[in-house]
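Asks: With the sequence up front, the predicted model follows.
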Amino acid sequence: MVSLSPMKFDLLHKDPKSSARAGTITTDHGTIETPIFMPVGTAGTVKGVHQTELKNEINPDIILGNTYHLYLRPKLDILEGAGGLHKFMNWDRNILTDSGGYQVYSLSGRRKITEEGVNFKSHIDGSSHFFSPERVMEIQRKIGADIIMAFDECTPYPCEYSYAKDSMHMTHRWLKRCINHLEKTPLSYDYNQTLFPIVQGSVYKDLRKESAKFIASVEAEGNAIGGLSVGEPAEEMYEMTEIVTDILPEDKPRYLMGVGTPINILENIALGVDMFDCVMPTRNARNGMLFTAHGTINIKNKKWENDYSAIDDMGITFVDTQYSKAYLKHLFSANEMLGKQIASIHNLGFYLWLVGEARERIIKGDFRAWKDQMVKQMDKRL
């Protein structure tokens, strides 16, 4: 039996030439070193990666699960029967679940949003379902993640100012309902859970400021920034992030949801963000795109068929030193499943290496110069 204790954030180092920070988050499932990238395990699995490889080769302190997908399949009674998502998927480290707000947003024509909540149809079988702030809190209790998200509406891009404003205020009202209901809903398992509220406001400066101030006033143990990386230019993302991180409390972790490319991650670390997630490393890997410190590789290209050098000369993961570019190119040409697995492990390993190296640079005090150089290097197609 683990002891129940609240989440704790320790801010250990600040970069002298940017807003980058290095810290630790401690929960009942262990310590998370920040900045951190969370591999996305949408339906109780990081696609194409065995848990043994995830632990031993990629080695994240935390992964992400998705409330919407887990609610629909395998369904809550199955997860409860297993003792929660940790035990169901044999993962003894930290898990964060999003609220399902983004997935509901992406359903567009299959959902209807009201003040009470969201009626939507399953993408699996068309069955009807309803998510309210209260229901989402109950669902996340049963899934059992260490960090859970408040129910919000993720606005599209572009978005009219009036819609963004109304949506933001509804998200704030929903947050109050989440907090009130969570206090009445007992823990499902023998460890604590921490709620993160979400800043919204689309790409409007005044709305982002208003939302960040409201979220900060709640005094949650951590805070998230949502509604970005939905199609807006990167510069607008950075501008909104900087506005929000200037307002959110320094002594709480900041999570930028759904971001992004390796360059996006470094630039947002420089703006004071601590936590990231994105499907890009695994999704792109399955399509043959590899991220490296020197730029991106399309391993399907003919140029790699006689290249017997290692996948990555930095040897970030075990697979990088065991297999050549020529072999990986062959696997993709032959449509062998192993090719997608190797590429997925490489990309996730690279993302975890990147945030780990960023952390070391913050501690050493030379993050800004290193970040600027890395951004130049990675912005190339090899």
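Replies: Cool, got the structure. Numbering: from 1, shown residues only.
Asks: drop to CA atoms for contacts and neighbour counts, all remaining ones
Replies: OK.
Asks: Chain neighbours aside, what residue packs nearest to R283?
Replies: Distance criterion CA to CA, 6 or more residues apart in numbering; nearest residue to R283, sequence neighbours excluded, is S344 at 8.0 Å.
Asks: Tally up the residues packed near that neighbour, please.
Replies: 27 (other CA atoms under 10 Å).
Asks: State the distance from it to G100.
Replies: 24 Å (CA to CA, to the nearest Å).
Asks: what's the answer for K340, then?
Replies: Note on K340: its distance to G100, by CA to CA, is 27 Å.
Asks: So what does F130 look like in phi/psi?
Replies: Backbone geometry at F130, expressed as degrees, to the nearest 10, gives phi -140, psi 130.
Asks: quick one: it and G117 touch, right?
Replies: Yes - between F130 and G117 there is a contact at 7.1 Å, judged by CA atoms under 8 Å.
Asks: Those two: which is more packed in?
Replies: G117 (20 against 15).
Asks: and the more buried one, what is it in contact with?
Replies: G117 makes contact with F130, F131, S132, P133 under the criterion CA atoms under 8 Å, 6 or more residues apart in numbering.
Asks: let's go with 7 Å and repeat that
Replies: Counting by CA atoms under 7 Å, 6 or more residues apart in numbering, G117 makes contact with F131, S132, P133.
Asks: now swap in A164 and tell me
Replies: Residues in contact with A164 (CA under 7 Å, 6+ apart) are T155, G201, S202.
Asks: Tell me the one of the residues you listed nearest P74?
Replies: Nearest to P74 among the contacts of A164 is T155, at 27.9 Å by CA to CA.
Asks: returning to that earlier point: going by distance to Q322, which of the contacts of G117 wins?
Replies: Sorting the contacts of G117 by how near they are to Q322, with CA to CA, puts F131 at the top with 46.3 Å.
Asks: so what's that closest one bridging to?
Replies: V118 (DSSP bridges).
Asks: distance of the closest residue to E53 other than its chain neighbours from P281?
Replies: With sequence-adjacent residues excluded and distances taken as CA to CA, 6+ apart, E53 is closest to I345, at 7.7 Å. According to CA to CA, I345 stands 9 Å off from P281.
Asks: Same question for L328.
Replies: Distance, L328 to P281, by CA to CA: 16 Å.
Asks: How about A22?
Replies: Using CA to CA, A22 is found at 23 Å from P281.
Asks: so where is the stretch 51-200 of the chain shaky, pLDDT-wise?
Replies: Applying pLDDT under 70 to the stretch 51-200 of the chain flags the ranges 105, 108.
Asks: can you map out the strands along it?
Replies: For the stretch 51-200 of the chain, applying DSSP state E, counting those that start in this stretch gives strands covering 62-66, 94-98, 111-113, 118-121, 128-131, 147-149, 194-196, 198-199.
Asks: Compile those into TSV and extend it with columns for distance to D246.
Replies: What follows is those, written out as TSV (distance: least, CA to CA, whole Å):
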stretch	distance to D246
strand 62-66	26
strand 94-98	24
strand 111-113	31
strand 118-121	32
strand 128-131	32
strand 147-149	21
strand 194-196	18
strand 198-199	13
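Asks: wait, which of the ones you listed is closest to I263?
Replies: I263 sits nearest to strand 62-66 of all the strands of the stretch 51-200 of the chain, at 20.5 Å, using CA to CA.
Asks: How far does that closest one sit from its chain's centre?
Replies: The chain centroid and the centroid of strand 62-66 are separated by 7 Å, computed with CA atoms, centre = their mean, to the nearest Å.
Asks: Determine the set of other helices and strands touching it.
Replies: Applying 3 or more CA pairs under 7 Å, 6 or more residues apart in numbering; DSSP states H and E, we find strand 62-66 packed against strand 36-38, strand 94-98.
Asks: still on that earlier bit, burial check on the residue nearest to E53, number of neighbours?
Replies: Neighbour number of I345 under other CA under 10 Å is 26.
Asks: and the gap between the residue lying closest to C159 once chain neighbours are set aside and P233?
Replies: Excluding the flanking residues, the one nearest C159 by CA to CA, 6+ apart is S202, at 7.1 Å. Distance, S202 to P233, by CA to CA: 12 Å.
Asks: So for the two, which residue has more residues nearby?
Replies: Relative neighbour count places S202 above the other of S202 and P233, with 29 against 10, counting by other CA under 10 Å.
Asks: wait, the more buried one sits on T155?
Replies: Yes - using CA atoms under 7 Å, S202 is in contact with T155, at 6.5 Å.
Asks: shared neighbours of those two, which are they?
Replies: Jointly contacting S202 and T155 under the rule CA under 7 Å, 6+ apart are A164, G227.
Asks: What are the boundaries of the helices in the stretch 1-150 of the chain?
Replies: 51-53, 67-72, 76-82, 85-88, 101-107, 133-143 (DSSP state H, counting those that start in this stretch).
Asks: now the fourth one, how far from the centre of its chain.
Replies: In this case it means helix 85-88. Worked out by CA atoms, centre = their mean, helix 85-88 lies 19 Å from the chain centre.
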